[in-house]
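Chemist: have a look at this prediction, sequence included:
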Amino acid sequence: MTVADFMASYAAAATEIGETATVSEPQARRWLRGGSSSPLPVARRVLQHMWKEPVAQLLGPPDHGAANVVPIVELSEEELIVKAGRDSVEHAVQAASALDPSALEQLHAEARRAAHAYYVTPSFEMFTDLMQLRQVVYTQLDRIEKPRQKAELYLIAGQVSGLLSSVSWDLGYPDVAEEHARAAHTYGSVIDHLSLQAWARAHQVTCAFWSDQPRRAVRIAEAALTTAPSGTARARLLSVQARALALIGARDEAASALDAASAELERAGSDPLLDEVGGELGFDRSRRALCAGAVYVALGDGNRAEAEATAALELFGQMPDDVRWGAGEQGARIDLGTARVLRGDLAGAEDALASVFGLEPDRRTEALVRRLTRLGGVLGAGRFRGAVEAGRLGEAIEDFAERSLPRTAARRAIGS
C-alpha cells in the first residue's frame, strides 16, 4: 500500500462511518511509521474501522509475530518528481504571510490541472490528489482575512468540491457525491458566482437521476435554470435535465431540452470559469450527444439512440487522447450497444461493447456499471431468452460489475 492509497482509503473509511475526515500526507507517514502520538477521537474511530484493530495496537510497538504486515511501497521516479512539484506549491502557499497573487495563481493552476486530469486519471488517484488540494485551500481560508482573497479561495474550493463530486460518483458513492455538489453550490452562493452554482446543480441533477429520483432531478434543474448564465452552464443543465425527463417518460419535453442545449452551445465559449478552465468544468457537443444517446436509450428508441451515440463517438474520436474523456467515450459505446439490442441486433451490440469489457478495473466507473446493468435488464426480456449472444453479453456484464472500480474501491477501503 502506498501513502496515497492509505490517504484515499482513510477518507473512504471515514465516509462509510459517517465522518467527514481526511489525513494529511505528513500525518499519514507518521502513522505508518508508528511514530505518532494518540490520534484524536474521530481519527481513532476511522482507523479502527479501516483495520479492525485497536488504535493502541496499530500505533504501538511492532508485533514481530504478526502475519499481516502491509508494506509501504516507495515512490516511483515519476511519482517522486510530481510530488516534489506539488510540495513546492504547498510550501510556497503556506509560507506567504499574506496570499500574494503568485500564490493564488498557483492554486488556480492546480485546480485547472485537476479539472483536465479528471478525463484521463484513474479515479482513486484523482480522489487523493483532490483531497490534498482541498486541504491546502482550507488551510488558507482559515488564515486569510482579505475579502477578495477569500472569494478567490472559495471559488477554488467550489471547483475542487465539484470535482470530488464527480470522482465520488465514479467510485460508487452517490450520496457523498451529492454532498460535495451541495458544498460546491454553497461556495458559489457565498461569492455570488452563478456559473459555479449552475455547474454544482448539474452535478446534483446527475446524482439524483442515477439514484432513481428523476422527478427530484427535474425540479433541481428547473430551479437552477432560472439563474444559470447562457452558454455552457445552461447547455449542461438542459442536457442532464433531458436525461431525467426521459426517465419519467416525458419524451417531448426531453427532446425540447436537448434542442435548447444545442442552441446554448452555439452561444458557449466565453464563460470565465467553465470555458476558460475547461476539462470537467466544460461541456461541449460530444457530451451533449452522449446525454442525447442516454435519453433515447431510456425512452426505448433504438434508432435515435444509435444515431446520437454514434455522433458522440465520432466527436470523442476527433479529440487527442490527453484531452478525451475516456469514461464518457465508453459510456457512448454502452449506449450504442444498448441501442442495437433495442433494435434486435445482438451481434452488433457485442461488437460495440468489445472495448468496454476490456477496460481495466480502475477504469470501470459507477456510471459504466449502471449503464451495463440497465442493458442487462433489456437483455433479460423474453424476446432474447435462449439467444447465445444474449447469454454471452449477460455473463460479460456480470464479470464487468464484479471487477469494477466501485467494488475494488470498497475492498481497498476495508483493507481486504
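Modeler: Perfect, thanks for sending it.
Chemist: what's the neighbour count on residue 49?
Modeler: Other residues near residue 49 number 17, with proximity taken as other C-beta atoms under 10 Å. The C-beta positions use only the backbone N, C-alpha and C, and glycine is treated the same way.
Chemist: need the contact list for it.
Modeler: The contact partners of residue 49, taken as C-beta atoms under 8 Å, 6 or more residues apart in numbering, are 13, 16-17.
Chemist: in the protein, which helix or strand is least confident?
Modeler: The element with the least model confidence among the helices and strands of the chain, by mean pLDDT, DSSP states H and E, is helix 405-413, at a mean of 49.
Chemist: if we can go back for a sec, which of the contacts of residue 49 count as buried?
Modeler: Judged by neighbour count, with 16 or more other C-beta atoms under 10 Å as the criterion, the buried members of the contacts of residue 49 are 13, 16.
Chemist: tabulate the contacts of residue 49 in CSV, adding columns for secondary structure, distance to residue 177 and pLDDT.
Modeler: Putting the contacts of residue 49 into CSV (DSSP: H, G, I helix; E, B strand; the rest coil; distance: C-beta to C-beta, whole Å; pLDDT from 0 to 100) gives the following:
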residue, secondary structure, distance to residue 177, pLDDT
13, helix, 17, 82
16, helix, 14, 79
17, coil, 18, 82
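Chemist: ok, the contacts of residue 49 vs residue 109, which is closest?
Modeler: residue 13 (30.9 Å; C-beta to C-beta).
Chemist: residue 403 versus that closest one, what's the distance?
Modeler: Between residue 13 and residue 403 the distance is 22 Å, computed by C-beta to C-beta, to the nearest Å.
Chemist: what about the longest helix in this protein?
Modeler: Ordering each helix of the chain by length in residues (DSSP state H) puts helix 147-170 first.
Chemist: average pLDDT for that helix?
Modeler: Here the mean pLDDT over helix 147-170 is 95, rounded to a whole number.
Chemist: which parts of it are buried?
Modeler: In terms of neighbour count (16+ other C-beta under 10 Å), helix 147-170 has its buried residues at 149-150, 152-170.
Chemist: so which of the contacts of residue 49 comes closest to residue 391?
Modeler: The shortest gap between residue 391 and any of the contacts of residue 49 belongs to residue 16, at 35.7 Å (C-beta to C-beta).
Chemist: tell me how many other residues crowd residue 380.
Modeler: The burial metric for residue 380, expressed as a neighbour count using other C-beta under 10 Å, is 11.
Chemist: same check on residue 44?
Modeler: So residue 44, with other C-beta under 10 Å, has 16 neighbours.
Chemist: what of residue 359?
Modeler: Neighbour count for residue 359, taken as other C-beta under 10 Å: 18.
Chemist: for residue 323, see how far away it is.
Modeler: Applying C-beta to C-beta, the value for residue 359 to residue 323 is 19 Å.
Chemist: repeat for residue 241
Modeler: According to C-beta to C-beta, residue 241 stands 26 Å off from residue 323.
Chemist: of the two, who's got more company?
Modeler: Neighbour totals were compared for residue 241 and residue 323, and residue 241 leads with 30 against 12 (other C-beta under 10 Å).
Chemist: for residue 54, see how far away the nearest residue to that one once chain neighbours are set aside is.
Modeler: Distances taken as C-beta to C-beta, 6 or more residues apart in numbering place residue 221 nearest to residue 241, at 3.6 Å, with adjacent residues excluded. Between residue 221 and residue 54 the computed distance is 48 Å (C-beta to C-beta).
Chemist: who has more neighbours, those two?
Modeler: A count of neighbours by other C-beta under 10 Å puts residue 221 above the other of residue 221 and residue 54, at 29 against 12.
Chemist: and the helix or strand that contains residue 308, what other elements does it pack with?
Modeler: Residue 308 is part of helix 302-317 when elements are defined by DSSP states H and E. Contact here means 3 or more C-beta pairs under 8 Å, 6 or more residues apart in numbering; DSSP states H and E; on that basis helix 302-317 packs against helix 285-298, helix 326-342.
Chemist: next, the angle from that helix to helix 285-298.
Modeler: Interaxial angle of helix 302-317 relative to helix 285-298 (axes from the mean of the first three to the mean of the last three C-alpha atoms, to 10 degrees): 160 degrees.
Chemist: pLDDT on helix 302-317, on average?
Modeler: Helix 302-317 comes out at a mean pLDDT of 98.
Chemist: list the buried residues of that helix.
Modeler: 302, 304-313, 315-316.
Chemist: how far does it sit from the chain's center?
Modeler: Relative to its parent chain, helix 302-317 has a centroid offset of 23 Å by C-alpha atoms, centre = their mean, to the nearest Å.
Chemist: now the angle between helix 326-342 and it, please.
Modeler: Counting by the same axes, to 10 degrees, helix 302-317 lies at 160 degrees to helix 326-342.
Chemist: what sits up against helix 302-317?
Modeler: In contact with helix 302-317 (C-beta under 8 Å, 6+ apart) are residues 284-287, 289-290, 292-293, 295-297, 299, 324-325, 328-329, 332-333, 335-336, 338-343.
Chemist: restricted to buried residues, select those in PyMOL.
Modeler: Typed into PyMOL, the next command selects the buried ones out of the contacts of helix 302-317 (criterion: 16+ other C-beta under 10 Å):
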select buried, resi 284+286+287+289+290+292+293+295+296+297+299+324+325+328+329+332+333+335+336+338+339+340+341+342
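Chemist: what count of nearby residues applies to residue 248?
Modeler: The number of residues near residue 248, taken as other C-beta under 10 Å, comes to 15.
Chemist: please name the nearest non-neighbouring residue to it.
Modeler: Distance criterion C-beta to C-beta, 6+ apart; nearest residue to residue 248, sequence neighbours excluded, is residue 214 at 5.0 Å.
Chemist: show the pLDDT at that neighbour.
Modeler: Among the per-residue scores, residue 214 holds a pLDDT of 98.
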